[in-house]
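Colleague: Pasting a predicted model and its sequence here:
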Amino acid sequence: MQNRLTTLYKLQNIDDQLDELEELRGDLPLTVNDLTSRMTEIKDQIAEKENIKKEAFETQKINEDEIERLKKSLKKFKSQLFQVRNNKEYDALTKEIDHSEKLIEEKQNENMELELHVEKMKFDIEELTPKLEELQEELKEKETELKKIIRTNEKEEAKLREQREKIVEQIKRNDYNIYMRIRKAKGGNAVAYVSRGACSGCHNMVPPQRLIEIRTNKRLFVCESCGRILVSGQIADAVRG
């Protein structure tokens, strides 16, 4: 049991050191993720507006081709007016002429609206582009800063992670699951030790009878106040050297 408790405290000691290295990075990882997300959002907006522009140009081209076709038909219908033989033919031609002129006007109006829409998209893209460039510059700066911190501590971190893996291999799965659950709930500190009769995690006094039992290192106890795993000061001192 003493080995079991010692191993858990060793794991806590390693995790404390890893947490300290993580703290050196500060908010940089979150900042990098946030900047990346914001950049992706702006890139998506620009891509969407570029796509709208492209579709508008394609529609304008289709309309222009249709207008050209209608104008040719209109010219043909007007020339046929001089060849009509009766009112019925005349009415049919004027109906075709009116319909063609109406369609031409509709297509021209649609193209005017599309042109205004394209200009709006261009304006929006011109507004978004500097914001994207600004975020790119900030991201580059933060990534450089983060990489510098990681590079400074990467050897120490790699060594600690290797030690952690070896320690975890020695811990029973159930003990490890309990440890991780408490660690998550208590901000990283899952194992505390008894110091001057109190829990080092929450600083609440441990009942005298419980103190005696903890010092025997024969059972796994948790603090009645904070729920952390408790080990004796003897174990803590041995691990810390």
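Modeller: That came through, no problem.
Colleague: show me what contacts residue 230?
Modeller: Shown in contact with residue 230 (Cβ atoms under 8 Å, 6 or more residues apart in numbering): 191, 192, 193, 194, 199, 206, 214, 221, 222, 223. Bear in mind the C-beta positions are built from the backbone N, C-alpha and C, glycine included.
Colleague: Just the buried subset of the residues you listed, please.
Modeller: By neighbour count, with 16 or more other Cβ atoms under 10 Å, the contacts of residue 230 hold 191, 192, 193, 194, 199, 206, 214, 221, 222, 223 as buried.
Colleague: quick one on the thing from earlier: ok, which pair from the contacts of residue 230 is furthest apart?
Modeller: Distance extremes for the contacts of residue 230: the farthest pair is 191 and 206 at 14.4 Å, using Cβ to Cβ.
Colleague: what packs against the lengthiest strand in the chain?
Modeller: What stands out as the longest strand in the chain, according to DSSP state E, is strand 191-195. Strand 191-195 sits against helix 2-24, helix 208-215, strand 229-231, helix 233-240, with contacts defined as 3 or more Cβ pairs under 8 Å, 6 or more residues apart in numbering; DSSP states H and E.
Colleague: what's in contact with the following helix or strand past that strand?
Modeller: As assigned by DSSP states H and E, the chain's next helix or strand after strand 191-195 is strand 198-199. With Cβ under 8 Å, 6+ apart as the test, strand 198-199 has contacts from 192, 204, 205, 206, 223, 225, 226, 228, 230.
Colleague: Using CSV, lay out the residues you listed together with distance to residue 239 and pLDDT.
Modeller: Rendered in CSV, the data for those read as follows (distance: Cβ to Cβ, whole Å; pLDDT from 0 to 100):
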residue, distance to residue 239, pLDDT
192, 13, 96
204, 22, 95
205, 23, 95
206, 19, 94
223, 18, 94
225, 23, 93
226, 20, 95
228, 16, 96
230, 14, 95
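Colleague: which one in the chain is furthest away from the centre?
Modeller: Outermost residue of the chain with respect to the C-alpha centroid, by Cα atoms, centre = their mean, is residue 85; its distance is 74.7 Å.
Colleague: tell me the phi and psi of that one?
Modeller: Dihedral angles phi and psi of residue 85 (degrees, to the nearest 10) take the values phi -110, psi -10.
Colleague: separation between the residue lying closest to residue 80 once chain neighbours are set aside and residue 112?
Modeller: Closest residue to residue 80 apart from its sequence neighbours, by Cβ to Cβ, 6 or more residues apart in numbering: residue 93 at 5.7 Å. According to Cβ to Cβ, to the nearest Å, residue 93 and residue 112 sit 29 Å apart.
Colleague: for residue 213, same thing?
Modeller: Counting by Cβ to Cβ, the gap from residue 213 to residue 112 is 88 Å.
Colleague: Just the pLDDT for the spatially most central residue of the chain.
Modeller: By Cα atoms, centre = their mean, the chain has its centre lying nearest to residue 37, at 5.1 Å. On pLDDT, residue 37 comes in at 97.
Colleague: can you check the one 3 residues further on too?
Modeller: Looking at residue 40, its pLDDT reads 97.
Colleague: please begin residue numbering at 54 from this point
Modeller: Sure thing, new numbering starts at 54, so read that last one as residue 93.
Colleague: Helix or strand: which one has it?
Modeller: Using DSSP H and E, residue 93 sits within helix 81-133.
Colleague: if we can go back for a sec, who has more neighbours, residue 146 and residue 165?
Modeller: With neighbours defined as other Cβ atoms under 10 Å, residue 146 and residue 165 compare such that residue 146 has more, 18 against 11.
Colleague: any residues touching the longest strand of the chain, and which ones?
Modeller: Contacts to strand 244-248, defined as Cβ under 8 Å, 6+ apart, come from residues 61-62, 64-65, 232, 235, 252-255, 259, 264, 267-268, 276, 279, 281-286, 288-289.
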